[in-house]
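K.L.:
No sequence on hand, only this structure:
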C-alpha cells in the first residue's frame with residue numbers, strides 16, 4: 001500500500017535533497033545491522049554519471065515503458081527525454097512529488113502488488129536501482145512476473161537490476177544469509193526499513209538473487225534471460241524477454 005506521511009522516509013529524503021538539503025538515509029536490517037545508503041544523490045543523478053551497465057541497459061528500452069519504483073525519476077526522465085511514453089509508479093507520495101517537479105509527465109501512486117493490466121499494455125518494464133528487490137520473495141516474484149507477462153506486448157522486455165548477495169566477504173552478511181536459510185528464506189531475502197530524520201518506513205522484504213537463483217526463479221513465469229549486463233563487484237542487470 002502507499003506509504004503514510006509518517007512512513008515516507010525514503011521519499012522525503014529524495015525530496016529534501018532535490019530542494020538543496022543535505023540528506024543522510026539510513027537503512028536498518030532486522031538483525032540490527034545499520035548502514036548509510038548511497039542516498040538521494042545517486043537517485044537524482046544524470047545519465048553521464050551513471051555506471052556503464054546502467055547506461056547500456058537503457059538502449060534496450062522501447063515503446064511504452066512502466067518504471068517500477070521510479071524513485072528520483074532518473075531513468076524515467078531519461079527515457080521520456082528520448083521520446084518514449086513512460087509511466088512512473090511508486091508507493092511514496094514524496095517520490096512522485098519530486099518526479100513531478102523534475103518534469104516526469106505520467107505518475108501513479110501504487111505498490112508493486114497493485115500493478116495490473118488496468119494500466120494498459122507495456123513494451124518495457126524497468127526495475128532499476130536494484131529494484132528487482134521489490135519482488136520481496138520468490139513466490140511473489142513468480143506471481144508478479146506472470147502478471148507482467150499478461151500486461152506486456154509479445155516482444156516486451158523487463159530490464160531489472162539486482163546484486164548477487166553471496167559475493168561478499170563480510171561476516172555479518174554471511175551470518176545473516178545463514179539465518180535466512182535456517183528459517184526457510186532465500187539467502188538474499190532481507191528484511192529492512194529506511195529511516196530519515198523522524199520518519200521510518202514499515203519493515204519490508206527486499207530480494208537479492210544470484211544469476212543461478214534468478215534463472216531457477218524464472219521457470220514457469222513466461223520470461224527468460226536474454227542478456228546480462230555486469231556492473232562493478234556484485235551488481236548486474238538482467239534483460240528478460242518472453243519465452
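P.N.:
Yep, that arrived. The structure presented is a predicted model; accordingly, all values stated were derived computationally and were not measured. Numbering: from 1, shown residues only.
K.L.:
okay, the residue nearest the centre of the chain: pLDDT?
P.N.:
Nearest residue to the geometric centre of the chain (Cα atoms, centre = their mean): residue 131, 1.4 Å. Note for residue 131: predicted pLDDT of 97.
K.L.:
so it sits right up against residue 69, yeah?
P.N.:
Yes. With contact defined as Cβ atoms under 8 Å, residue 131 reaches residue 69; the gap is 4.1 Å. Every C-beta, even on glycine, is put in place using the N, C-alpha and C of the backbone.
K.L.:
separation between the residue nearest to the centre of the chain and residue 99?
P.N.:
According to Cβ to Cβ, to the nearest Å, residue 131 stands 15 Å off from residue 99.
K.L.:
cool, and residue 19?
P.N.:
14 Å.
K.L.:
now residue 47
P.N.:
Distance, residue 47 to residue 99, by Cβ to Cβ: 16 Å.
K.L.:
all strands in the chain, in order from the N-terminus.
P.N.:
Assigned by DSSP state E, the strands in the chain fall at 26-29, 34-36, 64-68, 85-90, 107-109, 122-127, 152-163, 189-196, 199-200, 204-207, 223-230, 235-242.
K.L.:
tell me what the shortest one is packed against?
P.N.:
The reference is to strand 199-200. helix 9-18 (3 or more Cβ pairs under 8 Å, 6 or more residues apart in numbering; DSSP states H and E).
K.L.:
With neighbour numbers in mind, choose between residue 19 and residue 99.
P.N.:
residue 99 (28 against 10; other Cβ atoms under 10 Å).
K.L.:
okay, and the helix or strand of this protein with the least pLDDT?
P.N.:
helix 40-43 (a mean of 87; mean pLDDT, DSSP states H and E).
K.L.:
Buried by neighbour count: which residues of it qualify?
P.N.:
Neighbour-count burial for helix 40-43 flags 40, 43 (criterion: 16 or more other Cβ atoms under 10 Å).
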